[in-house]
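Visitor: My questions are about this predicted structure, shown below with the sequence.
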Amino acid sequence: MSIPTTILERLIAPNEGSFSPEHARYVLTLGFSEDEKAHCEELSYKAQEGTLTPEEKRELELYLSANALLVLLKSKARRSLEPRPSAA
C-alpha cells in the first residue's frame, strides 16, 4: 500500500530545515543503486506497454512510493543546510 504524498509532506515537513547538518548530509547520500534504477526503468517501460504482471505493478508502486519519500527527505535536508540569517 502506498502512502499518498500529501500525507508524507505533512509528516516530513520538507520546507522546515530541522535536520542536524550531519543528518542532512547523510540523507543527501541516500539513493537507489544503478541496478535498482535500471530495474525501475524496465518496470516503467513495461507499464507504458501494458505488460506488467500484478506483482511487477506492486513493485513499481513501491519504488515510486520510496522515491517520493526520498524526494521529500532530500528537500528537507537541503533546506536544513541552507545558511540561517544571523540574529544581529
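Guide: Now that the structure is in, tell me what you want to look at.
Visitor: can you give me the strands in this structure?
Guide: Using DSSP state E, the chain contains no strands.
Visitor: Show me what the lowest-mean-pLDDT helix or strand in it is in contact with.
Guide: Ranking every helix and strand in the chain by mean pLDDT, DSSP states H and E puts helix 5-12 at the bottom, with a mean of 86. Helix 5-12 is touched from outside by 68, 69, 72, 73, 76, with contacts defined as Cβ atoms under 8 Å, 6 or more residues apart in numbering. For the C-beta atoms, the positions are set from N, CA and C on the backbone; glycine is no exception.
Visitor: Just give me the residue right at the centre of the chain.
Guide: For the chain, the residue nearest the mean C-alpha position is residue 70 (1.9 Å; Cα atoms, centre = their mean).
Visitor: Just give the nearest non-adjacent residue to it, would you?
Guide: residue 30 (6.2 Å; Cβ to Cβ, 6 or more residues apart in numbering).
Visitor: hmm, back to that, pipe the contacts of helix 5-12 into JSON lines and attach distance to residue 19, neighbour count and pLDDT per row.
Guide: Formatted as JSON lines, the contacts of helix 5-12 follow (distance: Cβ to Cβ, whole Å; neighbours: other Cβ atoms under 10 Å; pLDDT from 0 to 100):
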{"residue": "68", "distance to residue 19": "18", "neighbour count": "16", "pLDDT": "91"}
{"residue": "69", "distance to residue 19": "15", "neighbour count": "17", "pLDDT": "92"}
{"residue": "72", "distance to residue 19": "12", "neighbour count": "18", "pLDDT": "94"}
{"residue": "73", "distance to residue 19": "9", "neighbour count": "19", "pLDDT": "96"}
{"residue": "76", "distance to residue 19": "6", "neighbour count": "21", "pLDDT": "96"}
